[in-house]
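[1] build me a model from this:
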Amino acid sequence: QLQLVESGGGLVQSGGSLRLSCAASGFSFGAYTIGWFRQAPGKNREEVACINRDGTIATYEPFARGRFTTSRDNAANTVTLQMNSLKPEDTALYYCAARLNVWSCAMENMGYWGKGTAVIVSS
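    Okay, here's the model as predicted:
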(Lines give C-alpha, C1' and ligand atoms only; values in the text may rest on other atoms or scores of the structure.)
Protein backbone atom coordinates (compact mmCIF):
# COMPACT_ATOMS: atom_id res chain seq x y z
CA GLN A 1 0.00 0.00 0.00
CA LEU A 2 1.47 3.32 -1.10
CA GLN A 3 0.75 6.47 0.88
CA LEU A 4 1.42 9.94 -0.48
CA VAL A 5 1.75 13.21 1.41
CA GLU A 6 2.11 16.56 -0.30
CA SER A 7 3.78 19.59 1.23
CA GLY A 8 5.18 22.97 0.24
CA GLY A 9 2.02 24.83 -0.59
CA GLY A 10 1.35 28.34 0.63
CA LEU A 11 0.60 31.93 -0.27
CA VAL A 12 2.81 33.59 -2.85
CA GLN A 13 2.63 36.74 -4.93
CA SER A 14 2.13 36.65 -8.66
CA GLY A 15 5.46 35.97 -10.35
CA GLY A 16 6.80 34.08 -7.36
CA SER A 17 7.85 30.47 -6.95
CA LEU A 18 6.93 27.47 -4.84
CA ARG A 19 8.38 24.00 -4.59
CA LEU A 20 5.95 21.23 -3.81
CA SER A 21 7.01 17.86 -2.51
CA CYS A 22 5.29 14.51 -2.56
CA ALA A 23 6.62 12.04 -0.01
CA ALA A 24 5.77 8.40 -0.45
CA SER A 25 5.76 5.61 2.07
CA GLY A 26 5.37 1.99 1.21
CA PHE A 27 7.34 -0.31 -0.97
CA SER A 28 8.56 -0.24 -4.58
CA PHE A 29 8.19 3.50 -5.04
CA GLY A 30 10.26 3.24 -8.20
CA ALA A 31 7.57 1.08 -9.78
CA TYR A 32 5.06 3.92 -9.82
CA THR A 33 4.38 6.61 -12.37
CA ILE A 34 3.66 9.83 -10.47
CA GLY A 35 1.30 12.54 -11.58
CA TRP A 36 0.64 16.04 -10.31
CA PHE A 37 -2.91 17.31 -10.47
CA ARG A 38 -4.72 20.39 -9.29
CA GLN A 39 -8.24 21.49 -8.55
CA ALA A 40 -9.21 25.12 -8.39
CA PRO A 41 -12.33 26.24 -6.53
CA GLY A 42 -15.41 25.49 -8.58
CA LYS A 43 -13.44 23.70 -11.30
CA ASN A 44 -12.69 20.11 -12.23
CA ARG A 45 -9.46 18.45 -11.26
CA GLU A 46 -6.87 18.61 -14.02
CA GLU A 47 -3.49 17.09 -14.73
CA VAL A 48 -0.43 19.28 -14.31
CA ALA A 49 2.53 17.00 -14.98
CA CYS A 50 3.48 13.36 -15.16
CA ILE A 51 6.83 11.70 -14.51
CA ASN A 52 7.82 8.15 -15.36
CA ARG A 53 9.18 5.57 -12.98
CA ASP A 54 12.87 6.40 -13.26
CA GLY A 55 12.42 10.12 -13.76
CA THR A 56 13.80 10.21 -17.28
CA ILE A 57 10.57 11.38 -18.91
CA ALA A 58 8.24 14.14 -17.75
CA THR A 59 5.26 15.61 -19.54
CA TYR A 60 3.43 18.82 -18.83
CA GLU A 61 0.10 20.36 -19.64
CA PRO A 62 0.39 23.47 -21.83
CA PHE A 63 -0.25 25.86 -18.96
CA ALA A 64 2.64 24.32 -17.00
CA ARG A 65 5.15 23.97 -19.79
CA GLY A 66 8.12 26.29 -19.34
CA ARG A 67 7.11 27.30 -15.81
CA PHE A 68 6.82 24.03 -13.87
CA THR A 69 9.36 21.24 -13.53
CA THR A 70 8.89 17.88 -11.88
CA SER A 71 11.61 15.51 -10.76
CA ARG A 72 11.94 12.50 -8.50
CA ASP A 73 14.42 10.87 -6.17
CA ASN A 74 13.51 7.22 -5.84
CA ALA A 75 16.12 6.64 -3.14
CA ALA A 76 14.38 9.25 -1.01
CA ASN A 77 10.86 8.29 -2.12
CA THR A 78 10.06 11.85 -3.12
CA VAL A 79 8.80 13.73 -6.14
CA THR A 80 8.98 17.50 -6.43
CA LEU A 81 7.17 20.08 -8.50
CA GLN A 82 9.04 23.34 -8.92
CA MET A 83 6.63 26.09 -9.92
CA ASN A 84 7.97 29.40 -11.21
CA SER A 85 6.32 32.54 -12.58
CA LEU A 86 3.16 31.72 -10.72
CA LYS A 87 -0.10 33.37 -11.74
CA PRO A 88 -3.33 33.91 -9.83
CA GLU A 89 -4.97 31.28 -12.04
CA ASP A 90 -2.54 28.71 -10.60
CA THR A 91 -4.40 28.97 -7.30
CA ALA A 92 -5.62 25.47 -6.49
CA LEU A 93 -5.27 22.43 -4.30
CA TYR A 94 -2.37 20.43 -5.70
CA TYR A 95 -2.26 16.64 -5.47
CA CYS A 96 0.22 13.95 -6.30
CA ALA A 97 -1.00 10.55 -7.38
CA ALA A 98 0.58 7.25 -8.31
CA ARG A 99 -0.06 4.47 -10.75
CA LEU A 100 1.72 1.14 -10.61
CA ASN A 101 3.89 0.10 -13.58
CA VAL A 102 2.02 1.84 -16.39
CA TRP A 103 3.40 4.99 -18.05
CA SER A 104 0.23 7.01 -17.94
CA CYS A 105 -1.30 9.65 -15.73
CA ALA A 106 -4.89 9.28 -16.85
CA MET A 107 -6.69 10.58 -13.81
CA GLU A 108 -9.28 7.85 -13.58
CA ASN A 109 -6.57 5.20 -13.43
CA MET A 110 -4.37 6.66 -10.72
CA GLY A 111 -4.51 4.21 -7.87
CA TYR A 112 -3.19 6.28 -4.98
CA TRP A 113 -3.75 9.91 -4.07
CA GLY A 114 -2.46 12.31 -1.48
CA LYS A 115 -4.73 14.74 0.31
CA GLY A 116 -3.33 17.79 -1.41
CA THR A 117 -1.52 20.99 -0.53
CA ALA A 118 -3.02 24.42 -1.14
CA VAL A 119 -1.37 26.99 -3.38
CA ILE A 120 -2.69 30.54 -3.36
CA VAL A 121 -1.25 33.11 -5.73
CA SER A 122 -2.15 36.72 -5.04
CA SER A 123 -2.22 39.35 -7.74
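
[2] how much space between the residue positioned nearest the centre of the chain and Gly111?
    Relative to the mean C-alpha position of the chain, the nearest C-alpha, by Cα atoms, centre = their mean, is the one of Trp36, at 2.6 Å. Applying Cβ to Cβ, to the nearest Å, the value for Trp36 to Gly111 is 15 Å. Where you see a C-beta, it was placed from the backbone N, CA and C, and this is true even at glycine.

[3] with Ser85 instead?
    32 Å.

[4] low-confidence ranges in this structure?
    Judged against pLDDT under 70, the chain has no low-scoring part.

[5] all strands of it, in order?
    Assigned by DSSP state E, the strands in the chain fall at 3-7, 10-13, 18-25, 32-39, 46-51, 58-60, 68-73, 78-83, 92-100, 112-113, 117-122.

[6] need these in CSV with distance to Ala106, can you?
    Converted to CSV, those look like this (distance: least, Cβ to Cβ, whole Å):
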stretch, distance to Ala106
strand 3-7, 17
strand 10-13, 29
strand 18-25, 18
strand 32-39, 9
strand 46-51, 8
strand 58-60, 12
strand 68-73, 17
strand 78-83, 18
strand 92-100, 8
strand 112-113, 14
strand 117-122, 22
